[in-house]
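J.: What follows is a predicted protein model with its sequence.
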Amino acid sequence: MAPIFVSYVITCPNYPDKPAKETVMLERLQKIISAAGITSRRASEDLILAGRVTVNGTVVTELGSKADPSVDTVCVDGKPLTIASKKLYILLYKPVGYLTTLDDPEGRPLVTDLLKEVGERVYPVGRLDYNTEGLLLLTSDGEWANQLMHPRHEVEKEYHVRVRGKVHKSQLDQMAGGVEIDGKKTAPARVSMIKEGEQNDWFSITIHEGRNRQVRRMCEAVSLSVVRLRRVRYGMLTMGSLKPGEFRYLTEAEVAGLRDPHQKHAAAAPRTPATTRSSASARTAQRPAAAQKPSHLAANGKHSTPTKRNRPPRKP
Ligand code: URA
């Protein structure tokens with residue numbers, strides 16, 4: 001089913017000509033802007049201060065201004081904010097040491113711990129091992145997730161692998177041609193050398209299957225010992241400037257693009273760093289350059305979340 005794209009229409013009750021209603025859902029403008037995926041909350045404040053934000057046609061430069069998403073129209077640089085749908089689509093840079101499950105009896109960190117500010121339940125699309133880092137999609141749209149995970153869909157996933165010692169061409173060739181895992185040969189993969197080092201070599205492998213611990217087991221099959229594994233691309237989505245523990249919301253184009261099985265690896269535009277955390281209701285972010293609607297705004301839509309170093313202790 002195609003996503004429903006709706007305009008983000010906002011009420012601004014702190015305007016004298018707009019009497020506040022008891023039923024309005026007041027939210028700070030900077031929260032509303034960041035929630036629409038335009039940019040971080042801090043950068044949204046800059047937009048407001050710069051006079052680039054209007055509410056119902058009136059420029060607002062006061063940072064405390066509030067609005068209600070159900071009535072007034074908020075524009076940035078004259079363009080109304082839009083959201084993709086009521087569903088959430090998130091791209092997280094999963095750090096090492098987080099589980100891709102929703103619960104762990106041992107109380108280990110969960111990827112959802114990094115998404116507390118999202119404020120809604122989202123589910124991982126597939127999984128990354130505890131010791132694997134990199135791009136992980138999460139969504140509240142079960143149908144979309146199932147589509148992506150269906151073997152017929154064949155979304156490309158690219159990994160960078162650091163191995164102990166040297167990688168030989170014959171090992172790469174074997175993996176490219178397919179190796180046997182649990183009695184079944186893996187589908188052809190694209191494999192290439194990235195870097196040779198004193199202690200470790202790096203190579204890239206692109207697969208479209210989603211078998212359990214597939215890359216690690218492919219490496220095992222050719223006697224390679226994985227030291228580090230990072231997923232650097234999921235279909236069209238690349239890491240951009242996401243850092244471990246950070247996430248961003250997908251754009252409308254990205255949500256639709258991933259649904260399209262033919263669009264496997266159009267690279268997304270890199271994003272500039274964000275400095276602040278943002279609100280729970282964001283649905284989409286800046287479009288990649290290739291897919292940008294001309295009407296939309298340039299900004300980053302990245303959200304910082306606590307990493308292992310600075311995150312608060314988990315609740316028991
Ligand atoms: N392959 C693996 O071995 N592990 C992952 O987490 C993802 C792909």
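T.: Right, received. Where do you want to start? Keep in mind that this is a model prediction, so the values were computed, not measured. Residues are numbered from 1 along each chain as shown.
J.: Could you pull out the buried residues of the longest strand along the chain?
T.: Secondary structure of the chain per DSSP state E: the longest strand is strand 66-76. For strand 66-76, burial by neighbour count (16 or more other Cβ atoms under 10 Å) applies to Lys66, Ala67, Asp68, Pro69, Val71, Asp72, Thr73, Val74, Cys75, Val76. (C-beta placed from N, C-alpha, C; glycine too.)
J.: and the ligand, which of those residues contact it?
T.: For the ligand, no contacts are drawn from the buried residues of strand 66-76 by Cβ under 6 Å from any ligand atom.
J.: Could you pull out the strands in the stretch 1-150 of the chain for me?
T.: With DSSP state E, counting those that start in this stretch as the criterion, the stretch 1-150 of the chain has strands at 6-7, 9-11, 27-28, 53-55, 58-59, 66-76, 79-80, 82-83, 89-94, 123-124, 132-139.
J.: for the fourth one, packing partners?
T.: When contacts are defined as 3 or more Cβ pairs under 8 Å, 6 or more residues apart in numbering; DSSP states H and E, strand 53-55 sits against helix 29-35, strand 66-76.
J.: residues in contact with it?
T.: Strand 53-55 is contacted from outside by 10, 12, 15, 29, 33, 47, 59-61, 65, 67, 72-76, 78, using Cβ atoms under 8 Å, 6 or more residues apart in numbering.
J.: The stretch 51-200 of the chain: helices as residue ranges?
T.: Ranges of helices in the stretch 51-200 of the chain, per DSSP state H, counting those that start in this stretch, are 142-149, 169-177.
J.: Out of those helices, flag the one nearest Leu102.
T.: Nearest to Leu102 among those is helix 142-149 (13.3 Å), distances taken as Cβ to Cβ.
J.: List the neighbours of that closest one that are in contact with it.
T.: With contacts defined as Cβ under 8 Å, 6+ apart, helix 142-149 is touched by 1, 87, 89, 123, 125-126, 137, 139, 153, 155, 210, 235, 255, 258-259.
J.: out of the residues you listed, who has the most neighbours?
T.: Tyr89 (28 neighbours; other Cβ atoms under 10 Å).
J.: Centre-most residue in this structure?
T.: By Cα atoms, centre = their mean, the chain has its centre lying nearest to Leu91, at 1.2 Å.
J.: That residue touches Glu246, doesn't it?
T.: No: using Cβ atoms under 8 Å, Leu91 is not in contact with Glu246; the gap is 9.4 Å.
J.: what does the stretch 151-300 of the chain have sitting close to the ligand?
T.: Arg213, Gln214, Val215, Arg216, Leu229.
J.: Which residues does Lys203 form beta bridges with?
T.: No, residue 203 isn't Lys; it's Phe. In this entry, Phe203 is beta-bridged to Val161, Met193, by DSSP bridges.
J.: How about the contacts made by it?
T.: Counting by Cβ under 8 Å, 6+ apart, Phe203 has contacts His160, Val161, Val163, Val167, Leu172, Val191, Ser192, Met193, Ile194.
J.: Next, find the distance separating it from the ligand.
T.: Look at Phe203 and the ligand: by Cβ to the nearest ligand atom, to the nearest Å, they are 14 Å apart.
J.: pLDDT score for that residue?
T.: What the model reports as pLDDT for Phe203 is 98.
J.: who are the neighbours in contact with Ala187?
T.: Gly178, Ile207, His208, Glu209.
J.: change it to 7 Å
T.: Going by Cβ atoms under 7 Å, 6 or more residues apart in numbering, Ala187 touches Gly178, His208, Glu209.
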